[in-house]
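K.L.:
model the following, please.
(one chain, ligands or ions: 1)
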Amino acid sequence: MGLLSGKATCNTHGQDSSYFLGWQEYEKNPYDEVQNPTGIIQMGLAENQLSFDLLESWLDRNPDAAGFKRDGQSIFRELALFQDYHGLPAFKKALVEFMSEIRGNKVTFDTSKIVLTAGATSANETLMFCLAEPGEAFLLPTPYYPGFDRDLKWRTGVEIVPIQCTSLNGFQITETAIEEAYQLAQKRHLKVKGVLVTNPSNPLGTTMSRNELNLLVNIITEKNIHLISDEIYSGTVFSSPGFVSIMEILKDRNCENTQVWNRVHIVYSLSKDLGLPGFRVGAIYSNDDMVVAAATKMSSFGLVSSQTQYLLSALLSDKKFTQNYISENKKRLKQRHRKLVSGLEKAGISCLKSNAGLFCWVDMRHLLRSNTFEAEMELWKKIVYDVKLNISPGSSCHCTEPGWFRVCFANMSEDTLKLSMQRLKAFVDSITTTLHNQSNHQSIKNSRRRSLTKWVFRLSFDDRVTGER
Ligand SMILES: Cc1ncc(COP(=O)(O)O)c(C=O)c1O
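P.N.:
Numbers count the residues shown, from 1 in each chain. Alright, predicted model coming up:
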């Protein structure tokens, strides 16, 4: 132990969070329709498995790309030797065009401003290394993606200060909440270097409004700080209001070539929109040349492999494919989201109205024994160990109100989702019956106590009256 570094032995990685503990429990007893039908169903993993068939049939139609051939000739040697941190130009071009397409071509992206990274995880950490010193802070609206404690803080030494959002306004960001977070950071003697948001939000499954985005631009202008917009879920917006990228707001406000323009950075990845987290493809998009240059050098520690770039440049430059994929994927997400919401409704559970993402932000406050985080953990443990569903408690996302849970819906089959909802309904019915019985029992006890009190009172009154007589 003494021979290891502080970093290797400190526990700020966040692996003890219930978010990761739930995954560990799932690993010990994973549900399988045939092999383990009573196992734990994984609903804590934001994976998109709904459109694999579209990717697979594209691969069948394009054996050259999958076999690393160009015009029928093998390019195996070329790919095996390629390890430039600037990436394959054809891939960067295809990626920025895909990003524009997802944003309805309202904004365009320049290949010279993009840095490829091994997923958004690496992109977020790299940006922290570029924008902040250890001990400086970024403000993040709560609830936020639990992985951020690891990605933003662990190796960089950067601090996260929460912008506390509440259910009162659907967890939207307000000027007061940002100002309070800023003051809190100052009280803790932390220099604030920026704000980081996820749009669409993980875990809320909602897109940010133009008002919120404008507010963010105002704040970073006024405070002279950075804004990182993690837009990893931008292609998952399945209902109105549509997705508005921070880039669109900057363009609308004519911010090009202003100082603010250089302080806004976008994080993207193909992990969610294309459902390829295992391919490890992410990107930083920045208008600041210095950030692009520094991040490019740092990307040596997490490059995207040349085979992956080659394959995906062929896939993403097939416009007929990308157009169909984007719309079909959204349609499937919308249907699946509806199935989850109606399954929850049948169990008497509601959730925050959402229009994006691979999850719902579910309100189980009425199932808590008390309005505390202890009660939230108690309920979560019952759901994981007894109901056998791994969902993520709001506390793991730093939510300030107990009783909210993130429930994922796109990483399983429709039958598995149906089963999960049956399990949840049976559980809710059982605890509401218990609660009902308890309250009946309590009200019988109360009414007996009231009758007894009345009787004693009457007796003593009669006594008194008799005595007084
Ligand atoms: C908001 C957000 N950012 C980043 C990531 C990490 O993504 P990647 O798999 O591309 O590293 C995730 C993954 O869940 C996420 O939800």
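
K.L.:
pull the contacting residues for the closest residue to the ligand within the chain.
P.N.:
Closest to the ligand within the chain is residue 119: 2.8 Å, counting by Cβ to the nearest ligand atom. All C-beta atoms are positioned from the backbone trio N, CA, C, and that covers glycine. Contacts for residue 119 (Cβ atoms under 8 Å, 6 or more residues apart in numbering) come out as 269, 271, 277, 280-282, 302.

K.L.:
do residue 136 as well
P.N.:
Residue 136 is in contact with 158-159, 190-193, counting by Cβ under 8 Å, 6+ apart.

K.L.:
now, these that are in strands?
P.N.:
If you go by DSSP state E, the contacts of residue 136 have 159, 192-193 in strands.

K.L.:
any chance of those residues in CSV, with neighbour count too?
P.N.:
Formatted as CSV, the ones in strands among the contacts of residue 136 follow (neighbours: other Cβ atoms under 10 Å):
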residue, neighbour count
159, 20
192, 21
193, 22
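
K.L.:
redo those residues as CSV? Include distance to the ligand and pLDDT.
P.N.:
As requested, the ones in strands among the contacts of residue 136 are arranged in CSV below (distance: Cβ to the nearest ligand atom, whole Å; pLDDT from 0 to 100):
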residue, distance to the ligand, pLDDT
159, 18, 97
192, 21, 98
193, 19, 98
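
K.L.:
which of the residues you listed sits closest to residue 360?
P.N.:
Closest to residue 360 out of those is residue 159 (30.0 Å), distances taken as Cβ to Cβ.

K.L.:
doesn't residue 191 make contact with the closest one?
P.N.:
No - Residue 159 is beyond contact range of residue 191, at 9.6 Å (criterion: Cβ atoms under 8 Å).

K.L.:
shared neighbours of these two, anything?
P.N.:
Common contacts of residue 159 and residue 191, defined by Cβ under 8 Å, 6+ apart, comprise 135-137, 185.

K.L.:
coming back round to it: which one of the ones in strands among the contacts of residue 136 sits closest to residue 368?
P.N.:
Closest approach to residue 368 among those (Cβ to Cβ): residue 159, at 30.3 Å.

K.L.:
quick one, what contacts that closest one?
P.N.:
Contacts of residue 159 (Cβ under 8 Å, 6+ apart): 135-138, 153, 185, 188, 190.

K.L.:
go again using 7 Å as the cut-off
P.N.:
For residue 159, the contacting residues are 135, 137, 153, 190, by Cβ atoms under 7 Å, 6 or more residues apart in numbering.

K.L.:
and the residue nearest to the residue of the chain closest to the ligand when sequence neighbours are not counted, how many neighbours?
P.N.:
Nearest residue to residue 119 in three dimensions, chain neighbours excluded: residue 282, at 4.2 Å (Cβ to Cβ, 6 or more residues apart in numbering). If you count neighbours by other Cβ atoms under 10 Å, residue 282 ends up with 26.

K.L.:
try residue 263
P.N.:
Counted with other Cβ under 10 Å, residues neighbouring residue 263 total 23.

K.L.:
next up, phi/psi of residue 340, please.
P.N.:
Phi and psi for residue 340, reported as degrees, to the nearest 10, are phi -70, psi -50.

K.L.:
contacting residues for it?
P.N.:
360, 407, 409, 417.

K.L.:
same question, residue 114
P.N.:
With contact taken as Cβ under 7 Å, 6+ apart, residue 114 is in contact with 92, 95-96, 283, 285.

K.L.:
with residue 277 instead?
P.N.:
By Cβ under 7 Å, 6+ apart, residue 277 lies in contact with 47, 271.

K.L.:
start at 4 instead
P.N.:
Sure, I'll start numbering at 4, so the last one becomes residue 280.

K.L.:
quick check, pLDDT for it.
P.N.:
pLDDT, residue 280: 97.

K.L.:
next one: it from residue 143, what distance?
P.N.:
Distance of residue 280 to residue 143, computed by Cβ to Cβ, to the nearest Å: 22 Å.

K.L.:
ok so, going back, so which of the contacts of residue 122 belong to strands?
P.N.:
Within the contacts of residue 122, membership in strands is found for 272, 285, as judged by DSSP E.

K.L.:
would you reformat the contacts of residue 122 as TSV and include distance to the ligand?
P.N.:
Output for these, formatted as TSV (distance: Cβ to the nearest ligand atom, whole Å):
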residue	distance to the ligand
272	3
274	4
280	4
283	7
284	7
285	5
305	10
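
K.L.:
what parts of the stretch 4-153 of the chain come near the ligand?
P.N.:
The stretch 4-153 of the chain comes close to the ligand at residues 49, 122-124, 148, 150, as judged by Cβ under 6 Å from any ligand atom.

K.L.:
could I get those as CSV with distance to residue 344?
P.N.:
CSV is the format used below for these (distance: Cβ to Cβ, whole Å):
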residue, distance to residue 344
49, 17
122, 29
123, 27
124, 29
148, 22
150, 25
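
K.L.:
quick one: which of those residues is nearest residue 208?
P.N.:
Once Cβ to Cβ is applied, the member of these that ends up nearest residue 208 is residue 49, at 9.8 Å.

K.L.:
name the nearest residue to the closest one, sequence neighbours excluded.
P.N.:
Closest to residue 49 by Cβ to Cβ, 6+ apart is residue 361, at 4.7 Å.

K.L.:
just checking, that neighbour touches residue 274?
P.N.:
No - the pair residue 361 and residue 274 fails to qualify as a contact (Cβ atoms under 7 Å) at a distance of 10.3 Å.

K.L.:
make CSV from the contacts of residue 343 and add secondary structure to it.
P.N.:
Output for the contacts of residue 343, formatted as CSV (DSSP: H, G, I helix; E, B strand; the rest coil):
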residue, secondary structure
363, strand
410, strand
412, coil
420, helix
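
K.L.:
buried subset of those?
P.N.:
For the contacts of residue 343, a burial check counting by 16 or more other Cβ atoms under 10 Å picks out 363, 410, 412, 420.

K.L.:
many thanks, I have nothing further to ask.
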